[in-house]
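*Asks:* no sequence on hand, only this structure:
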């Protein structure tokens with residue numbers, strides 16, 4: 001995989017990790033929001049239940065008690081808090097409800113009609129509830145909501161004032177002398193009295209436990225977080241797969257193009273430069289030599305009587321001879337020299353920074369090496385060579401023609417020899 005692709009995948013991985021962490025953080029934030037929403041639903045449900053109880057007592061239960069007293073079925077002073085007191089009935093219903101919640105494995109809900117002047121001590125407001133009630137009666141608050149922690153557990157605390165006292169409420173909460181006899185007998189005449197019209201004598205205090213709601217929300221959070229992680233991991237894996245596949249295809253394409261370029265510049269049989277590649281490189285050498293005046297020589301090489309070899313031994317043997325010839329010449333020239341196949345049994349060597357005398361020395365060495373070498377089947381071959389040295393202003397065509405002319409002279413003079421251009425023998 002390329003460094004660019006690895007860099008892209010690293011950036012993507014970092015971005016996906018940040019996105020995943022951000023989403024999990026957002027989901028975590030939403031768990032508390034979800035728990036509070038569910039707790040608020042329970043608060044509203046309790047308030048509606050409370051109002052329903054209040055309406056039932058005022059519209060059904062008390063009128064029924066009054067009817068029974070009017071018909072003489074109950075004595076006129078009858079006033080049992082168990083049937084006539086809304087506060088008593090509401091508290092008792094909530095206690096029974098909590099008993100049922102415990103049976104079903106749900107936590108208790110704190111519900112209290114909190115007041116500073118309770119008839120029943122269980123309704124005594126604590127310091128916080130007392131302060132809230134005063135602020136509500138002063139018009140500073142309409143209602144109150146806050147997440148609180150008690151005994152290591154979190155709750156949604158809600159406080160709502162009951163309706164302000166009316167004149168009818170003073171029958172039980174005004175002067176003790178006006179209160180029902182049975183009420184005094186049960187609670188006495190010291191507490192729960194002397195209330196005033198227009199003042200909320202109590203507030204509804206509720207604490208909804210958030211533990212089970214948060215546990216449910218966290219379970220959902222875990223599934224959502226896992227699903228988010230898996231989704232992002234799947235997306236990243238697909239991107240990784242496609243980038244890796246594109247990378248692999250591009251590398252294969254580059255390799256194929258490199259091989260095609262090599263094949264287009266290399267002779268398929270001898271694995272040296274072909275004619276086109278040799279000419280392109282020779283042009284660069286000529287430009288450099290023409291610009292800076294450095295010496296440059298070329299050798300034109302031809303295998304003597306090669307047609308007779310093919311006719312006698314066959315073309316496969318001739319190919320082996322050409323490959324061996326290329327290998328032998330490659331081993332005798334410098335790495336900076338340019339060696340190519342000119343065509344058929346003709347080869348050419350370009351030698352930068354070599355003047356005519358040095359070029360002739362190399363040519364003679366090549367001639368002797370080939371003559372002494374035993375080719376396959378014990379065959380012995382010779383080569384003829386032509387040498388030309390570059391002169392400033394000379395074109396590539398003229399330069400090669402000079403080497404070719406010198407080679408022709410070697411052949412005319414009997415082959416197996418080296419001739420430098422200008423018809424003089426090395």
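*Replies:* Thanks, I have the structure now. Keep in mind it's a predicted model, so treat the numbers as computed, not measured. Numbers count the residues shown, from 1 in each chain.

*Asks:* and the closest residue to residue 309 other than its chain neighbours, how many neighbours?
*Replies:* Beyond its immediate neighbours in the sequence, the residue positioned closest to residue 309 (CB to CB, 6 or more residues apart in numbering) is residue 318, lying 5.6 Å away. Every C-beta, even on glycine, is put in place using the N, C-alpha and C of the backbone. When counting by other CB atoms under 10 Å, one arrives at 19 neighbours for residue 318.

*Asks:* got it, and residue 20?
*Replies:* Residues contacting residue 20 under the criterion other CB under 10 Å number 17.

*Asks:* which residue is the nearest non-sequential neighbour of residue 281?
*Replies:* residue 338 (5.3 Å).

*Asks:* what is the neighbour count of residue 406?
*Replies:* The criterion is other CB under 10 Å. On that basis, residue 406 has 27 neighbouring residues.

*Asks:* dump the residue contacts of it.
*Replies:* 300, 385, 386, 387, 388, 419, 420, 421 (CB atoms under 8 Å, 6 or more residues apart in numbering).

*Asks:* ok but it is inside a helix, no?
*Replies:* Yes. When the secondary structure is assigned by DSSP: H, G, I helix; E, B strand; the rest coil, residue 406 falls within a helix.

*Asks:* can you pull out the helices in the stretch 1-150 of the chain?
*Replies:* With DSSP state H, counting those that start in this stretch applied, the stretch 1-150 of the chain shows helices at 3-56, 62-70, 81-84, 86-103, 127-137, listed in chain order.

*Asks:* now tell me what touches the shortest one from outside.
*Replies:* The contact list for helix 81-84, computed with CB under 8 Å, 6+ apart, reads 57, 61, 62, 65, 88, 89, 92, 180, 182, 183, 186, 187.

*Asks:* got it, and the second one?
*Replies:* Surrounding helix 62-70, the residues in contact under the criterion CB under 8 Å, 6+ apart are 74, 75, 76, 78, 83, 84.

*Asks:* gap between the fourth one and residue 60?
*Replies:* Going back to what we said before, that points to residue 78. Using CB to CB, to the nearest Å, one gets 17 Å for the distance from residue 78 to residue 60.

*Asks:* before we move on, what about the second one?
*Replies:* Computed as CB to CB, the residue 75 to residue 60 distance reads 21 Å.

*Asks:* and the contacts of helix 62-70 as TSV, adding neighbour count and distance to residue 222?
*Replies:* Formatted as TSV, the contacts of helix 62-70 follow (neighbours: other CB atoms under 10 Å; distance: CB to CB, whole Å):
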residue	neighbour count	distance to residue 222
74	17	60
75	8	64
76	8	65
78	16	59
83	15	50
84	19	51
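
*Asks:* what is the nearest of these to residue 236?
*Replies:* For the contacts of helix 62-70, the minimum distance to residue 236 (CB to CB) is 69.1 Å, reached by residue 83.

*Asks:* how about the strands of this structure, start to end?
*Replies:* Assigned by DSSP state E, the strands in the chain fall at 110-114, 144-150, 153-161, 203-209, 296-303, 338-343, 346-352, 383-389, 418-420, 424-425.

*Asks:* worst mean pLDDT among those?
*Replies:* When the strands of the chain are compared on average pLDDT, strand 424-425 comes out lowest at a mean of 48.

*Asks:* and the residue nearest to residue 281, what does it touch?
*Replies:* Shown in contact with residue 338 (CB under 8 Å, 6+ apart): 273, 278, 281, 282, 285, 349, 350, 351.

*Asks:* counting neighbours, what do you get for the fourth one?
*Replies:* Per other CB under 10 Å, the neighbour tally for residue 282 reads 21.
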